[in-house]
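Need the 3D shape of this:
(2 chains)
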There are 2 protein chains.
Amino acid sequence: LELLAQVREAIVRHGLLVPGQTVVVGVSGGPDSLCLLDLLRRLAPDFSLSLHVAHLNHKMRGQDADADAAFVAKLAADWHVPATIEVVDVPALAQAHKMAPEEAARRARYTFLTQVAERLGAPTVAVAHNADDQAETVLMHFLRGSGLAGLRGMLPATPMEELRLEIGEWRVESKGEEKPQSSHLKSITLVRPLLEVPRAEIEAYCDAYNLQPRFDRSNLDTTYFRNRLRHELLPYLETYNSNIRTILRRTAAVAAADYELLRDEVDATWGQIVRFETEQAVTFDLDAWHALPLALRRSTIREAIHRLRRALRNIDFVHVENAIEILAAGETGSQATLPQGLMLTIGYDVFTIADEGSHELPDLPWLLTEEALDVTVPGYTRLPQSRWGLRADVLPGSALSAEDLTGVGGWEAYLDATVVGIDPSLRRRRPGDHFYPLGMRGRGKRLNEFMINEKIPAFWRAYIPLLVSGEDEILWVCGWRPDERAALSDSSQRLVHFRFERE
Amino acid sequence: LELLAQVREAIVRHGLLVPGQTVVVGVSGGPDSLCLLDLLRRLAPDFSLSLHVAHLNHKMRGQDADADAAFVAKLAADWHVPATIEVVDVPALAQAHKMAPEEAARRARYTFLTQVAERLGAPTVAVAHNADDQAETVLMHFLRGSGLAGLRGMLPATPMEELRLEIGEWRVESKGEEKPQSSHLKSITLVRPLLEVPRAEIEAYCDAYNLQPRFDRSNLDTTYFRNRLRHELLPYLETYNSNIRTILRRTAAVAAADYELLRDEVDATWGQIVRFETEQAVTFDLDAWHALPLALRRSTIREAIHRLRRALRNIDFVHVENAIEILAAGETGSQATLPQGLMLTIGYDVFTIADEGSHELPDLPWLLTEEALDVTVPGYTRLPQSRWGLRADVLPGSALSAEDLTGVGGWEAYLDATVVGIDPSLRRRRPGDHFYPLGMRGRGKRLNEFMINEKIPAFWRAYIPLLVSGEDEILWVCGWRPDERAALSDSSQRLVHFRFERE
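Predicted structure coming up:
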């Protein structure tokens, strides 16, 4: 009964069970789940729990699978625990969805457990992962290079919602059909009361209490990778450090706490670095983000992906590192591919993480209306539907030298007042637009070609304000390049200092 | 020359070299160090560096070792780089100090490199660890379970002082004698310019530039454990993930940044949780420490050990976890063994980390003087050489019931005023002291025996204030237990409320 006391202590320490409520127990018929069910049966009175056995017949091994289901049904009946036994044709599902059978089995099983819990109004689903499973998980994540988030391994309690978003979900009907559905899973928690118990102790418990597992199904739903890791790699690593399993579990515990601290820091920082946030996009302040320590620069990118996609585990080092490199270069308009169809785009003083091909624009002075806009010179012209405006000051030509212009560019320009004239306006591009980009030695260029050469993202191009004189003469492709003919020269008598300002 | 550009970039990015200064280059004669020397020779003009070759003949392989030394000496002469070649009898040293020859070689070598740098006034020592060495180091630390600190692997730049404290130091004379010395190493930095370069690229470089390494010494100074890891485990892990070496290096980079953030948090927290700090002891505020997130509770313990012992790497999980468990129980007087002869002791509202057997006392109301001290009742008696004092208030017997006494204990007591009398005093223990501990049903006990039973640390016992009436009658073993005869009873007419207060 030492194990009983140990598991009771873990349940209390991690707050795994809700007294007075129903617990759905996933029972495969193997030693782990038999041991779990037996322990929970003994603990049920203390916590005023109702137990409910759930077993999914995966149809993965023909007659054996059916016999397993019958075994679990009989056991539940013998122990007077209500049970839900269902069937799903995993091999068929796997084929239909082109996924590995193990992945399909896992997805079908968690969907099933969730459904049972929903049907019963149970806040908790208990599964029988043990300490050796935990060691394997940590090792697997280490080999895949997933950083602190992965080194945490499995947690004693996980919101079912997170798991669902991580592994996907099917709605499995009794007849093996499946249809996706949205659900309200936030209140269901997946708990792992045996996570600190080594497999050997579980087997000893089964022997001591004469629990006769149908067979060890623990290898059935695992991938070739994990099976090899379990049966070859871990025993081999024990020749390097005989405590390796304990070490891996401790690594998980320490990593979990370190990760939590890091997440707290991200939360504390979030408000100061994020300018806008919607369900579709997160826009960061570029300078504020750059001022963060490297660990937080990484973690905030991960957090944005997590908020937009709700799945953290699959974020590879490579993606985040690539994004960080591109942000270090910091060129306006450059982009980095992120996982799960997300794209990072650098704006003027911001960067945005959003759907690839999204029309989510970074916070820049876009011209969002079709109509042309008269520009007041001197004065301030507010851009419609925008937080931006264009300030124009008129100065004598002697007010600045060529040297003063060094570094001027982007959303600021000094133009010759005579060329600008008295009634400039802002408008969007039109077919046939062309201009003489400053620095190209008098060669004219089609505007479209210029935008492509400058690698301006396609979905931005329509919104770039063009400063024009009259109807056709482009003075400035705002944000990118003035026209050479409008640029300041030694003979300029007066100049106009244009700059876009954010409110 | 791609490698040259890559190494130059790494040198600039990490600020590895001090322009205009001398760099001591550790050269064994193997491919790594030959490549490093050749690259630094090419980069020397750009950074205005003077190079100096350093080679230690370990005498570990007889004639071969001598030939290696001759080879390096000739190479340095051919390349017109000054060199220091010295000899040390590592096998003899290892035997004398009962350490593994590889450990002895490592210690002797770093001591030697440090000495050469000191002699030359060189701020930098460069060694040739490569990206594969880094992957091995990360893996080794993972298998030993050293958390973020270890997963960082080797750093591009390490203060020599830290390394010295980690691996120990010998002062090695030319003739192979050794004597320990203190030194002023703080200004010498050990740098690893090839840390991002895989071994294969180094070998390709040697081939391309016709550098002919004497032989690959890289296996010579490595332990059996590391050699097995290099030649068996890593190639085996590549069958699980062919990118494992890259993954391990990235893990190191990510862990280094995460670790830095954690350390920043520790620094930011330190002032709020540490009450006193000396070279011998760190005393924490117990409540403030308990209020920290788990990751910081761990890290602050590690930091205290680091400050007192200057070596972080050897701190095992077990020690820190054990300390944390004991602190969670929080019993005054309980202790936890920490590595390197340190001990954690819990005081009243503090805990102290200090030398095992140290006479460093936690911040409690000790009686630090030999003389007895008259206690003013009612009133306040200040303890000599202490921040503590004893307040005594006289109250009517009806002022509180037995229930009010629940939880009263430690450094607070309610005693019968009649028994206390008019002239109580505080004194230290004397041979033959005995009293009637409250709750022991009238059985008398020798004070010494009581202290042993209560597990009061031996070096505290002499400083515990005893409240006595007259010369011999103990009223209260302050901090632990009142005498039964002095305790409050239903018949008490008046009572004295004693409590120690900290200024």
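
what's the spacing between A:Arg481 and A:Glu471?
As judged by Cβ to Cβ, to the nearest Å, A:Arg481 and A:Glu471 stand 20 Å apart. Every residue, glycine included, has its C-beta placed from N, CA and C.

quick one, helices of the stretch 201-350 of chain A?
Here the stretch 201-350 of chain A has its helices, by DSSP state H, counting those that start in this stretch, at A:224-228, A:234-237, A:244-273, A:286-290, A:294-309, A:317-329.

deepest of these, which one?
Most buried of those by mean neighbour count (mean count of other Cβ atoms under 10 Å in any protein chain shown) is helix A:294-309; its value is a mean of 21.

returning to that earlier point: between A:Arg481 and A:Glu471, who's got more neighbours?
Comparing A:Arg481 with A:Glu471 by other Cβ atoms under 10 Å in any protein chain shown, the one with more neighbours is A:Arg481, at 22 against 9.

phi, psi of the more buried one?
phi -160, psi 130 (degrees, to the nearest 10).

Pull the contacting residues for the closest residue to it other than its chain neighbours.
In this structure, A:Arg481 finds its nearest non-sequential neighbour in A:Pro437, 4.8 Å apart by Cβ to Cβ, 6 or more residues apart in numbering or on different chains. Applying Cβ atoms under 8 Å, 6 or more residues apart in numbering or on different chains to A:Pro437 gives the contacts A:Arg443, A:Lys445, A:Phe450, A:Val477, A:Arg481, A:Asp483, A:Glu484.

do the same with A:Leu327
A:Leu286, A:Trp289, A:His290, A:Arg297, A:Ala336, A:Leu344, A:Ile346, A:Phe351.

next one: A:Glu321
B:Arg250.

any idea how far it is from B:Ser489?
74 Å.

Pull up the gap between whichever residue of the stretch 301-450 of chain A sits closest to chain B and A:Leu148, please.
Of the residues in the stretch 301-450 of chain A, the one nearest chain B is A:Phe317, at a distance of 4.8 Å by Cβ to the nearest Cβ. According to Cβ to Cβ, A:Phe317 stands 12 Å off from A:Leu148.

For the two, list the residues in contact with both.
Counting by Cβ under 8 Å, 6+ apart, the residues touching both A:Phe317 and A:Leu148 are B:Val254.

which residues of the stretch 251-400 of chain A score low on pLDDT?
A:311-315, A:357-360 (pLDDT under 70).

Which positions in it make contact with chain B?
Applying Cβ under 8 Å from any Cβ of the partner chain, we find that the stretch 251-400 of chain A lies next to chain B at A:251, A:254-255, A:257-258, A:260-262, A:264-265, A:293-296, A:298, A:317, A:321.

Equivalent analysis for the stretch 51-200 of chain A, please.
Counting by Cβ under 8 Å from any Cβ, the stretch 51-200 of chain A sits next to chain B at A:Phe142, A:Leu143, A:Arg144, A:Gly145, A:Gly147, A:Leu148.

isn't the third one right up against A:Gly150?
Yes. Counting by Cβ atoms under 8 Å, A:Arg144 does reach A:Gly150; the two are 6.9 Å apart.

check which helix or strand covers A:Ile474.
Using DSSP states H and E, A:Ile474 falls within strand A:473-477.

Next SSE downstream of that strand?
Next along the chain from strand A:473-477, counting by DSSP H and E, comes strand A:481-482.
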